[in-house]
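Engineer: Sequence first, predicted coordinates after that:
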Amino acid sequence: MLPAQKEGCRLNFQQLFSKYSRLLIPAAVIVMLALYFLFPHGEPEEIIAAPTDLIEAETTQLSETPTLETVPETVQATESEEIIVEIKGQVLEPGIFVLPVDSRLHLAIKLAGGLLPEADALSLNMAMKLTDEMSVYVPKTGETLTAPPVIASPPAAPAEGPSGGGLININSADVAGLTSLNGIGPAKAAAIIAYREENGPFATIEALKDVTGIGDKTFEQLKDSISIN
């Protein structure tokens with residue numbers, strides 16, 4: 001090859017290299033990155049497997065941990081959890097009061113507003129345990145009593161109901177008629193009359209259970225002995 005031809009080839013190669021050199025470098029970088037991501041490096045399987053094993057181990061441990069089951073405690077209010085007593089005489093607010101079972105007299109006196117100044121507190125045992133349908137009279141100092149200040153609940157009426165076999169009309173019966181019913185004493189009789197005066201006549205005999213102190217147990221004892229007309 002002539003020197004002139006060699007010189008021409010050299011110039012063409014330099015021109016091509018100068019023209020495309022800017023494209024060669026990015027192309028080389030792309031090829032290297034492709035090779036890097038296409039072919040794995042090191043031991044990735046072991047690195048990934050390690051945390052998986054730990055997670056499985058923790059899951060197994062948690063599943064074996066005993067759990068405490070919380071059982072909701074259901075407290076059912078029963079008729080025997082409260083009593084009805086009557087407080088009258090020398091107290092600020094005489095009346096009928098509903099108290100928890102095994103309450104003492106001092107609590108009932110407190111609910112009645114406390115003793116009046118002229119009350120004879122020495123005649124009463126403030127630590128006395130109250131019972132359902134009990135009636136307590138607080139006398140004046142120096143008052144002569146014709147009956148004891150504390151009257152316990154009367155004995156239950158016979159199971160067959162009121163004497164004579166007739167039904168008691170709960171919309172018109174007085175205290176004497178109501179107390180002839182099985183399970184009804186003076187306190188509950190007064191509560192029935194007070195409820196009747198405030199809410200009107202009973203529409204059904206089952207409405208008697210709306211009276212404070214009369215629940216399903218008491219109603220079952222007297223339902224066959226009462227009427228509303």
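Structural biologist: Ah, there it is. Numbering: from 1, shown residues only.

Engineer: pLDDT (mean, whole number) over the lengthiest strand in the chain?
Structural biologist: The single longest strand within the chain, with elements called by DSSP state E, is strand 82-89. Mean pLDDT, computed over strand 82-89, is 90.

Engineer: what's the spacing between residue 95 and residue 219?
Structural biologist: Residue 95 sits 24 Å away from residue 219, going by Cβ to Cβ, to the nearest Å. To be clear about C-beta, it is placed using only N, CA and C from the backbone, and glycine gets the same treatment.

Engineer: Those two: which is more packed in?
Structural biologist: residue 219 (17 against 14; other Cβ atoms under 10 Å).

Engineer: just the helices in the chain please.
Structural biologist: Taking DSSP state H, the helices of the chain run over residues 3-38, 44-64, 105-111, 175-179, 186-199, 216-222.

Engineer: Quick check: the residue nearest to residue 83 when sequence neighbours are not counted vs residue 142, distance?
Structural biologist: The spatially closest residue to residue 83, leaving aside those adjacent along the chain, is residue 132, at 4.0 Å (Cβ to Cβ, 6 or more residues apart in numbering). Going from residue 132 to residue 142 by Cβ to Cβ gives 32 Å.

Engineer: try residue 188
Structural biologist: Residue 188 is 33 Å from residue 142, where distance means Cβ to Cβ.

Engineer: who has more neighbours, the two?
Structural biologist: Each of residue 188 and residue 142 has its neighbours counted (other Cβ under 10 Å); residue 188 has more, 24 against 7.

Engineer: ok now do the closest residue to residue 120 other than its chain neighbours, which residues does it touch?
Structural biologist: Closest residue to residue 120 apart from its sequence neighbours, by Cβ to Cβ, 6+ apart: residue 141 at 4.4 Å. Counting by Cβ atoms under 8 Å, 6 or more residues apart in numbering, residue 141 touches 118, 119, 120.

Engineer: Kindly state the pLDDT recorded for the last one?
Structural biologist: Here, the pLDDT recorded for residue 120 equals 90.

Engineer: Quick check: buried residues in stretch 90-99?
Structural biologist: Buried positions in stretch 90-99, judged by neighbour count with 16 or more other Cβ atoms under 10 Å: 90, 91, 94, 96, 97, 99.
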